[in-house]
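J.: Task: produce atomic coordinates for the following.
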Amino acid sequence: MSRKGNCYDNAAMESFFGTLKAEYFYLNDIRDIDELQLGIKEYIHYYNSDRIKLKLGGLSPVDFRIQAGLL
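T.: Next comes the predicted model:
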């Protein structure tokens, strides 16, 4: 990156990681790295496919994109 850094560049990922930690990491007893990797993959699928968002009218992100004709 050759331009000046902007604090909003990382805002979306910071928000996701905060949600990931609050909804997955802190609520589970993780024993090893393989369990952590599998759990994160499952959580990402849940986050995109099943978790409803009020900002999207009560739809999951995938359902919202399908309804909007973006997928």
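
J.: Name the residues that touch the longest helix belonging to the chain?
T.: Looking across the chain with DSSP state H, the single longest helix is helix 33-49. Helix 33-49 is touched from outside by 16, 19-20, 23-24, 28, 30, 60-62, with contacts defined as CB atoms under 8 Å, 6 or more residues apart in numbering. Glycine gets a C-beta too; all of them are placed from N, C-alpha and C.

J.: Apply 6 Å and report the result again.
T.: Outside helix 33-49, the residues that touch it by CB atoms under 6 Å, 6 or more residues apart in numbering are 24, 30, 60-62.

J.: Identify the farthest-apart pair in the residues you listed.
T.: Farthest pair in the contacts of helix 33-49 (CB to CB) is I30 and V62. Separation: 26.3 Å.

J.: which stretches of the protein have low pLDDT?
T.: Within the chain, the stretches with pLDDT under 70 are 1-3.

J.: can you map out the helices along it?
T.: Per DSSP H, the chain has helices spanning 11-20, 33-49, 61-67. These are given in chain order.

J.: Now do the buried residues in the first one.
T.: Of the residues in helix 11-20, those buried under the neighbour-count criterion (16 or more other CB atoms under 10 Å) are L20.
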